[in-house]
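J.: please find the sequence and the predicted model below.
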Amino acid sequence: MAVEVVYRSSRDLERLFMDKAEADRHDKMLELAEALSAALHKAAPSLSEQQAEDLGIFMARHRELFAKAFKNNPEALAELPVEA
């Protein structure tokens, strides 16, 4: 019988990772998403909790493109994928 080492995200207990670094990246992305959600909800209180969470996760997943846009390259946002 083989033994496999797997890593679990501390913020997303459902997901398992084969690589510790990947689990850490996922945790950091979720931490950023949580902070973004709180900021978005503060800026637009009419957003539902779910909308703020969805937007926070979307922005955290694509943080590199948002970072480029915030550094005087708004055209970078054209590269964002369309998500359903």
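T.: Noted; the coordinates are in hand. Quick caveat: nothing in here was measured; it's all calculated off a predicted structure.
J.: report pLDDT for V6.
T.: Predicted confidence (pLDDT) for V6: 88.
J.: scratch that, A84
T.: Reported pLDDT for A84: 55.
J.: where along the chain do the strands fall?
T.: Counting by DSSP state E, the chain has strands at residues 7-8, 16-17.
J.: packing partners for the first one?
T.: Same thing as strand 7-8. When contacts are defined as 3 or more CB pairs under 8 Å, 6 or more residues apart in numbering; DSSP states H and E, strand 7-8 sits against strand 16-17, helix 20-43. (Each C-beta comes from the backbone N, C-alpha and C, glycine too.)
J.: out of those, which is closest to P81?
T.: helix 20-43 (15.6 Å; CB to CB).
J.: what is the burial count for A33?
T.: The tally of other residues near A33 (other CB atoms under 10 Å) stands at 22.
J.: distance of it from V3?
T.: Counting by CB to CB, to the nearest Å, the gap from A33 to V3 is 33 Å.
J.: turn the strands of the chain into TSV, including distance to L80.
T.: Compiled in TSV, the strands of the chain are given as follows (distance: least, CB to CB, whole Å):
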stretch	distance to L80
strand 7-8	29
strand 16-17	25
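J.: mind giving me JSON lines with those and columns for distance to A69 and mean neighbour count?
T.: Compiled in JSON lines, those are given as follows (distance: least, CB to CB, whole Å; neighbours: other CB atoms under 10 Å):
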{"stretch": "strand 7-8", "distance to A69": "32", "mean neighbour count": "16"}
{"stretch": "strand 16-17", "distance to A69": "29", "mean neighbour count": "14"}
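J.: quick one: contacts for E22?
T.: Applying CB atoms under 8 Å, 6 or more residues apart in numbering to E22 gives the contacts Y7.
J.: residues in contact with stretch 35-44?
T.: For stretch 35-44, using CB under 8 Å, 6+ apart, the contacting residues are L47, E49, A52, E53, L55, G56, I57, M59, A60.
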